[in-house]
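Q: quick one, what's the 3D model for this:
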Amino acid sequence: MELTDKISEQKDSGEIKRQIQRYLRWWPLFMASALLGLSVAWIYLRYATPQYMSKASLYVKSSAGKQGGMVGLEDFQNMALPGLMSNEVDNEISVVKSKPLLYNVVKSLGLEIKAINEGNVKEAELYETSPFRGKILNLKSPRNFGSHTYTITPVGTQGFKLKDAKKEISGTYGLPVMTEFGSFTLTRTPDIQFNAPLTLIVTNPKVVADRIEASISVVIPQKKSSIMELSRVGTNPLRSEDILNELMKQYNADAIKDKNAEAMTTAAFIDDRLDLITRELGGIESQKENFKQANKIADLEAQAQLSLQNASENTKKLMEVGTQLEMVDSVLRIANSSANDQLLPTNVGMPSGLDGVINEYNQLVLTRNRTLRQATPSNPAVQQFNKDIASMRNLIRDNLRKSRTSLQISMGQVQEQISKSGADISKFPQQERVFRGIERQQNLKEALFLYLLQKREETSIALSVNTPKAKIVNPAYTLGEPVAPQRNKIYLTGILIGLILPGLFLYTRFALDTYVHSRRQIRQALPEVPVVGEIPNAGEVDGDLVKTNDFSSFAESFRIMLTNMKFVLKKPAEGMAPVILVSSSVKGEGKTTVSVNTALTLAQNRKVLLIGADIRNPQFKRFMQLPNDGLSDFLASTDAAANSYIVPSGLSQNLDVIPSGSIAPNPTELLANPKFGTILEDLKPHYDYIVIDSAPMLMVSDTFNLLGYMDLLLYVMRAEHTDKDMLEFADQMMKENAKGKFAIVLNDVKNLHLSYGNKYGYGYYTEGPKKKKWYAFLKP
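A: Next comes the predicted model:
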């Protein structure tokens, strides 16, 4: 069992080695393909446009805690809305790459119109060296327009001519150009020459914005970092840097616009309150004036100074509480409205730190509104924002109600204390008390009026100060080395493709190969059939005949075949020549060549007769000069003896030949004539060997009539010509008609070392140098 396993392992390793050698035979093809791959890679690198990476970085300022608030408020908000603050920078990534911002970048830089300089091999986009700049004014159908290409030719110094496949348009720099898709303008760039035609491409700005969005990458280098890194890969470094710088500029401008929207809402609220307070204050002053006139009161301060000293402190407190209560009521009315997108006023003196909560609510509304610019209301992120806004609004309402209740209680307590003080001064006339009430209302409204004036000034200052939301840490810059194409990878890819393609070609060729190539394939398919020899390709110089004293590999292969054939050929009766029948499956396998050379090799020291039994397609005249009469004429005649049809071969004095004769219309019937067997019996005593060249057995049935006369059927197969399916036919022939009298010879083998191994083969004698073709190194 162990011996069997060892033999099996040796066979497996030998098979792997043969498969490797099978591919190594084609090493010139692999080398040529690899060199071709390197050449293609070099040509690609020669004409490929280098791509450079441009980078920039932004520091996004957090919106938390900008306005201040009560201690611990930020922690309370993080508990109420988990993840809101930690995801703030992540949300800004979508804002930076939003389509409206990129659209503004395209319009600001004029990227919708570009000039192309077409060369012989590749084209180059002109950016900083473009002789003109362009801008689309309007598009008739923005959704259906993609791009349009013109050839632009200069006309004078202020004009140009546009030409496409349909028509030609003349234009002037600075004036609108009317086209079928819309209108645009071109502006001449000074100090840049424009003498030759260029290609002008007009593209929909939205399409350009989509392309830029796909080319820009925005990442956060570290987790929970406030730094965003922007990068873009492009063929023009200056263009990429301008895009990144303009994108950061537009991002800050959009953030300032959102911030101003909040301040403008607060300013509008303050203006409304100022108008109301002004009217109320005017009414109180008129009431005070009328009261003084009706009661003829000039100055009560001196009279009530002593009595009101105790009540002044409570009055001041009542004014503060009243102011806060008025603000709480006003903001609560706005918070109770149904509009979820309405911003609430800030910095109006809310008690208990409510200004900080309102600031966070306004930031959440603004973030939700920015997200809606590039998402639908059904977007999960928008729905989450709506939930967070509703939650925050309810929180603000609850705090406002609680504050109002607390202020009302405080005001009641102050009023109670004032009433108590009023009882102490009950000695003053009723008019004094009414007058003081009017005066208190006047002071309250004046304090509120001044407070709102102050807040309006603060809001105006906030509108005038445009502090950017993000700080530009690194303006756009370009790396020194191009990121693509990478030369080493391109060369390596070229070599790998150059090696893989011939490997795939050979693998496909081997997989689809159905021909017999070597003795080993025959032995694997027909283990019971002996293979007595392999005949190499004779070559174009030496010819395909074995000569006298011939020590070539071609002649040596026939000697080896005859030596092996002796172990298969059974000895006939004493004094009788053995009959060797040579045949094949189909035409073109070299059976006639094998027949003639087998006879020549035997005739070197023996008397041999060669019979041409292929009377359908005789081929002996390719090797020797023979008369027209032959076997077919003898079998069709009444002659009893065939001696008159035997002629010398002219190749060897020991070789006689019976030619095939005239081509007969009934070869099968002729070969079935008993006269053929009679002449064989008559001729056997006069020769040492009789070699019969017969017709292919798969094509015609002529040879089957001769199987009864032969002592050995030498079945010829041709390497790279005989199909493997013929092996089954040969096996059937052996088992049914030539059991024990059957041998195979493989003809026209081009690489004998594949059958015998690299260390063995023919060529024991010096054959002399052979002239090689110039392309011989390409052949395996």
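Q: please name the nearest non-neighbouring residue to Gly612.
A: Ser660 (3.6 Å; Cβ to Cβ, 6 or more residues apart in numbering). (Glycine included, C-beta is placed from N, CA and C.)
Q: ok but that neighbour is inside a strand, no?
A: No. Assessed by DSSP: H, G, I helix; E, B strand; the rest coil, Ser660 does not belong to a strand; its assignment is coil.
Q: how close does it get to Ser595?
A: 11 Å (Cβ to Cβ, to the nearest Å).
Q: helix or strand next in line after the one helix or strand Lys249 maps to, which one?
A: Per DSSP states H and E: Lys249 is located in helix 237-295. Downstream of helix 237-295, the next assigned helix or strand under DSSP H and E is helix 301-335.
Q: how much does that next one deviate in direction from helix 237-295?
A: Between helix 301-335 and helix 237-295, the angle comes out at 140 degrees (axes from the mean of the first three to the mean of the last three Cα atoms, to 10 degrees).
Q: mind listing what's buried along helix 301-335?
A: For helix 301-335, the neighbour count (16 or more other Cβ atoms under 10 Å) marks 304, 307-308, 311, 314-315, 317-328, 330-332, 334-335 as buried.
Q: which ones are touching Pro468?
A: Going by Cβ atoms under 8 Å, 6 or more residues apart in numbering, Pro468 touches Asn252, Ala255, Ile256.
Q: can I assume it sits in a strand?
A: No. Counting by three-state DSSP, Pro468 is located in no strand; its state is coil.
Q: separation between it and Ala48?
A: 39 Å.
Q: that older thread, ok, the residue nearest to Gly612 touching Leu631?
A: Yes. With contact defined as Cβ atoms under 8 Å, Ser660 reaches Leu631; the gap is 5.7 Å.
Q: what sits in contact with each of these two?
A: Common neighbours of Ser660 and Leu631 (Cβ under 8 Å, 6+ apart) are Gly612, Ala613, Ile615.
Q: in helices, which of those residues appear?
A: Using DSSP state H, no member of those falls within helices.
Q: pLDDT score for the residue positioned nearest the centre of the chain?
A: In the chain, the C-alpha closest to the average C-alpha coordinate belongs to Ala214, at a distance of 14.2 Å (Cα atoms, centre = their mean). Note on Ala214: pLDDT of 91.
Q: and the gap between it and Val208?
A: Distance, Ala214 to Val208, using Cβ to Cβ: 11 Å.
Q: show me where the stretch 551-700 of the chain has its helices.
A: In the stretch 551-700 of the chain, the segments counted as helices under DSSP state H, counting those that start in this stretch are 553-565, 591-602, 631-636, 667-671, 675-683.
Q: quick one: low-confidence ranges for the stretch 501-650 of the chain?
A: Across the stretch 501-650 of the chain, the ranges flagged by pLDDT under 70 are 539-543, 640.
Q: returning to that earlier point: which of the helices of the stretch 551-700 of the chain sits closest to Glu736?
A: Taking Cβ to Cβ, helix 667-671 is the member of the helices of the stretch 551-700 of the chain nearest to Glu736, at 18.7 Å.
Q: check which residues of the host helix or strand of Ile744 are buried.
A: Per DSSP H and E: Ile744 is located in strand 742-749. Using 16+ other Cβ under 10 Å as the test for burial, strand 742-749 gives Phe742, Ala743, Ile744, Val745, Leu746, Asn747, Asp748, Val749.
Q: closest one to Met178 out of those residues, please.
A: Asp748 (78.2 Å).
Q: contacting residues around Gln322?
A: One correction, residue 322 is Gly, not Gln. By Cβ under 8 Å, 6+ apart, Gly322 lies in contact with Met411, Leu444.
Q: that older thread, Ser39 versus the residue nearest to the centre of the chain, what's the distance?
A: In terms of Cβ to Cβ, Ala214 sits 33 Å off from Ser39.
Q: what of Arg519?
A: Counting by Cβ to Cβ - Arg519 and Ser39 are separated by 40 Å.
Q: ok, Tyr709 next?
A: To Ser39, Tyr709 is 63 Å away according to Cβ to Cβ.
Q: same question, Val586
A: From Val586 over to Ser39 (counting by Cβ to Cβ), the distance is 43 Å.
Q: check Arg25 too.
A: On the measure of Cβ to Cβ, Arg25 and Ser39 end up 24 Å apart.
Q: more neighbours, the two?
A: Arg25 (15 against 12; other Cβ atoms under 10 Å).
Q: pLDDT at Asn138, what is it?
A: Looking at Asn138, its pLDDT stands at 91.
Q: could you list the low-pLDDT ranges of the stretch 201-350 of the chain?
A: 292, 294-310, 338-341, 348-350.
Q: give me that answer again for 80
A: 223-225, 258-267, 280-282, 284-285, 287-314, 317-318, 320-321, 324-325, 327-350 (pLDDT under 80).
Q: quick one: buried residues of stretch 636-652?
A: Residues of stretch 636-652 classed as buried by neighbour count (16+ other Cβ under 10 Å): Ala636, Ala642, Tyr645, Ile646, Val647, Ser649, Leu651, Ser652.
Q: what's the end-to-end length of that stretch?
A: One end of stretch 636-652 sits 29 Å from the other (Cα to Cα, to the nearest Å).
Q: tell me how far it is from the chain's mean position?
A: Here stretch 636-652 shows a centroid-to-chain-centroid distance of 78 Å under the convention Cα atoms, centre = their mean, to the nearest Å.
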